[in-house]
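Engineer: How does the following fold in three dimensions:
(2 chains)
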Amino acid sequence: MQYEDNVKKIEEEAQQYWAENNSFGVVEDKTKEKYYCLSMLPYPSGKLHIGHVRNYSIGDVVSRYQKMLGKNVLQPIGWDAFGLPAENAAIQNKVPPAGWTYNNIEHMKEQLIAMGFGYDWSRELATCHPEYYRWEQWFFVRLFKKGLVYKKKAVVNWDPVDQTVLANEQVEEGRGWRSGAIIEKKEISQWYMKITDYAEELLNGLDKLEGWPDAVKIMQQNWIGKSVGLEINFTMEGSKPISVFTTRPDTLMGATYLAIAAEHPLALKMGKKNSVIQSFINECRTMETSEAALETMEKKGVDSGLFCKHPISGEDVPIWIANFVLMGYGTGAVMSVPAHDQRDYEFAKKYNISMVGVIAPSNGHLDIDQEAFVEKGFLINSGEFNGMTFPEAFEAISKHLTNIGLGKEKINYRLRDWGVSRQRYWGCPIPIINCEHCGSVPVKESDLPVVLPEDVAFEGVGSSIKKSPEFYQTNCPACGAAAEREADTFDTFFESSWYFARYTCANQNKAMLDERANYWLPVDQYIGGIEHAILHLLYARFFTKLLRDEGIVTCDEPFTNLLTQGMVLKDGAKMSKSKGNTVDPQKMIDKYGADTVRLFILFASPPTQALEWSDQGLEGAHRFVNKFYRLVNCYISESKKQAAEQLNPTLLNKEQKEIRKKTHFTLKKVGDDIGRRYSFNTAIAALMELNNSLSRFTDTTPKGMAVKKEAIEIMLKALNPITPHLSHHLWLKIGNTGAMVDTLWPEIDVEALIQEEVRLVVQVNGKLRAKIVVPVDAEKKSIEIAVLAEENVVKFSKGKEVKKIIIVPNKLVNVVVR
RNA sequence: GCCAGUGUGGUGGAAUUGGUAGACACGCCGGAUUCAAAAUCCGGUUCCUUUGCGGGAGUGACGGUUCGAGCCCGUCCACUGGUACCA
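Structural biologist: Got it, this is the predicted structure:
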């Protein structure tokens, strides 16, 4: 019987066994070491895509391996079910977002089961269920009462044709992706979470995350962007002073203009008097809001005609209105020093604004003919501060400005507060009631959850619940007067910021979390795409600290170890429906079976690296699975003729010993590759090598059969995390009674690994010239004699003096000659 | 633009702590088996040079450190992710 003909049956039987025996259902057990392995929850887009297959195959290998080490392993799964794609699908296919989402979940769940992933399905959750989101509403109300949330105006992308707010992704070259209309900036009131209150802790906490990749920690550190500087006030006659933040107060005497945002009150005031200014402001209203667009667009400005006073010199400083300064971030104004900042330099050149060089390099003198001098140096043209270095000038200018009340030292973070309001239908309703008399009042705890109506018509023009009076009409919880509910919903990052905690007690309907959270948390291994390196992971860390400060969990950080999976690319880019470059793994599962697909995706590249998708090689993975299947079946029929004897390692011949050595070496490597290195591709390569050696090992004597039996059993166990169906099937077929899912990882026989001889590489001046075989840990002297006697060494050192001989034990010898 | 990452044969990749570059596969070439094919098995496969042994070059580009660099440092190029409303 070929594997091909059997694969469907083999996989279904194994899956049925796991389901019937609840093999992956876990309960808290203080007598066992816990291991919480979590993969990022999927967005139910319709079908499993290849990135999911990669992510969840990695998670399943780690989980099954840890389970084989005897740990109490929790591996849950759920659905990140709210989000924009459901709304897009709703418009396109004229189906309600809820129905579309639930259908997708149902189908994708079947696919996950068919892949053989060992999840504890009793903990499954979907973030669009009121039983889930009620607790984040509850938590939001707690944070509201604690003063950790607030309302603030912010700009959004407004599509004037579709009458809707667009995501940055939906704006293409300044136009709405559906309507094609030119997008306008619109200011609306939104809810914010005070993540900046936790900026310092989020930054410092990174140092403790030893199990996180440095790249992610550095990105988060840069994102938080702590900087020390001065807040400086430029006074104005008849108006409030303009406050700016700078990390370079040493350049203050070189400030020749101030740039303010187009939405700045001063700019708006001047616009009313001056049509040139007004048209510039209008132009700025159609700018894209993303940071990338902002930084790469042409820097433009217009002279406001206003002046403020330089805080030290008292001279007039002109105020310009510039498109690269944003009202929402910082103070909406920046101090410009063209001589020492490249952007200011280009702006000043363009508009003929004067420059004053105030920093000279420590060697040579200042030259700003071609570009700004942005490095630190000595102050010049700065009166009493001349000759000072950066730290000296920082302190002196800080002191001076503090004394005259025009400045103070300030720590600034690049990190901004988290805007959580979305003007969308398919999301968790924000549990706030807006009352004319009382303002924003949180919904009473007893009235939670605020349930999102799922049966509303959805056309994509405006938000559906905003048009649904039965949803928004209500009474104020404080005064009882008629009032309106918030019709905005939460950012979907809200749901994904705490789901990992909810899995630990998903059936708890009296509280957000219970004591079980403290048994399982923090997550021991978190696995997900590198694209989440900043936002999701930062928000999840933030939420953990909020939960801790509310006394709901005890840990400080949610994820002890993080594996960031590389993206699966197609045609050099992230796969997406809109690009039409997706790969459907279902076809591969149907053709080759789940085990082949799992093996291949893990073998194709190391997990952290981006993977350019190609079907080439899938056949090879399948060939290996087939080959191993045949090997085991061949052993079974051989053993009917000649049974294996009890293995006695000391009585084996040389060839038998070699096979045992290879077997235990492979076992050691696979354990290390899976358990420590997360290098699944090399683990599989090692197993392929062992398989090749075993298929050439034709010894059918009782001793030979014993060696083969041991090797096959070890291979089955070592393959179990990767190809669990095949291991389950063959384990029973070779005569074992217990199921593979309950077996433990095999012990390495260190005796079998002992080597007597070793091959040394011989180099002359770093070039490979010979190879010699010597006893392990041979004496230095005897190696030197052997090396210098080598024909090729003699040839290449002829007429030269041997300077020294470098010996790397059991590896290499380098003869240095001159 | 900024932050982070990546770059090795025809292809995916290996080289774990600075020590044999190309493990393991895919593909291709040759052979065995077969009436034939599929499947399977065996051999070869970085480039140049050499009958062979061997020799030379080679890890995006250029430079540096070192007895020795794919790995460390500097400059640059290309590509990927993120860039706060895709998830």
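Engineer: Is it correct that A:Ile748 is in contact with A:Leu667?
Structural biologist: Yes: between A:Ile748 and A:Leu667 there is a contact under C-beta atoms under 8 Å: 5.5 Å. (C-beta placed from N, C-alpha, C; glycine too.)
Engineer: Which one's more surrounded, those two?
Structural biologist: Comparing A:Ile748 with A:Leu667 by other C-beta atoms under 10 Å, the one with more neighbours is A:Leu667, at 25 against 16.
Engineer: and the more buried one, that's in a strand?
Structural biologist: No: according to DSSP: H, G, I helix; E, B strand; the rest coil, A:Leu667 belongs to no strand; its state is helix.
Engineer: Look up the closest residue to the closest residue to RNA strand B within the stretch 701-818 of chain A, ignoring the ones flanking it.
Structural biologist: Nearest residue of the stretch 701-818 of chain A to RNA strand B (C-beta to the nearest atom of the strand) works out as A:Gly766 at 2.9 Å. Leaving aside its sequence neighbours, A:Gly766 sits nearest to A:Asn814 (C-beta to C-beta, 6 or more residues apart in numbering; 6.2 Å).
Engineer: residues contacting the closest residue to RNA strand B within chain A?
Structural biologist: In chain A, the residue that lies nearest RNA strand B is A:Gly620 (2.4 Å; C-beta to the nearest atom of the strand). A:Gly620 makes contact with A:Phe600, according to C-beta atoms under 8 Å, 6 or more residues apart in numbering.
Engineer: and if you look at A:Val815?
Structural biologist: Counting by C-beta under 8 Å, 6+ apart, A:Val815 has contacts A:Val762, A:Gln763, A:Val764, A:Asn765, A:Val787, A:Leu788, A:Val793, A:Ser797, A:Val802, A:Ile805.
Engineer: ditto for A:Lys767
Structural biologist: Applying C-beta under 8 Å, 6+ apart, we find A:Lys767 in contact with A:Phe796.
Engineer: Just checking stretch A:415-431 against RNA strand B, any contact.
Structural biologist: Yes: using C-beta under 7 Å from any atom of the strand, we find that stretch A:415-431 touches RNA strand B at A:Leu415, A:Arg416, A:Trp418, A:Gly419, A:Ser421, A:Arg422, A:Gln423, A:Arg424.
Engineer: and those as CSV, adding neighbour count and secondary structure?
Structural biologist: Output for those, formatted as CSV (neighbours: other C-beta atoms under 10 Å; DSSP: H, G, I helix; E, B strand; the rest coil):
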residue, neighbour count, secondary structure
A:Leu415, 18, coil
A:Arg416, 15, coil
A:Trp418, 20, strand
A:Gly419, 15, strand
A:Ser421, 23, strand
A:Arg422, 25, strand
A:Gln423, 19, coil
A:Arg424, 24, coil
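Engineer: With pLDDT and distance to A:Tyr678 added, can I get those residues in CSV?
Structural biologist: CSV is the format used below for these (pLDDT from 0 to 100; distance: C-beta to C-beta, whole Å):
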residue, pLDDT, distance to A:Tyr678
A:Leu415, 96, 30
A:Arg416, 96, 34
A:Trp418, 98, 31
A:Gly419, 97, 35
A:Ser421, 97, 38
A:Arg422, 95, 35
A:Gln423, 93, 41
A:Arg424, 92, 37
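Engineer: Measure how buried the nearest residue to A:Cys476 once chain neighbours are set aside is and give me the count.
Structural biologist: Spatially, and ignoring its direct neighbours in sequence, A:Cys476 is nearest to A:Cys435 (3.7 Å; C-beta to C-beta, 6+ apart). Neighbours of A:Cys435 under the rule other C-beta under 10 Å: 20.
Engineer: And A:Ala114, by the same measure?
Structural biologist: 18.
Engineer: And for A:Asp584?
Structural biologist: Counted with other C-beta under 10 Å, residues neighbouring A:Asp584 total 12.
Engineer: What confidence value was assigned to A:Gly580?
Structural biologist: pLDDT recorded at A:Gly580 is 69.
Engineer: Now for A:Asp207, how many residues are close by?
Structural biologist: 9.
Engineer: Are we agreed that the residue of chain A closest to RNA strand B is in a helix?
Structural biologist: Yes: counting by three-state DSSP, A:Gly620 is part of a helix.
Engineer: pLDDT value on it, please?
Structural biologist: 92.
Engineer: which ones are touching A:His622?
Structural biologist: So A:His622 contacts A:Tyr592, A:Thr596, A:Phe600 (C-beta under 8 Å, 6+ apart).
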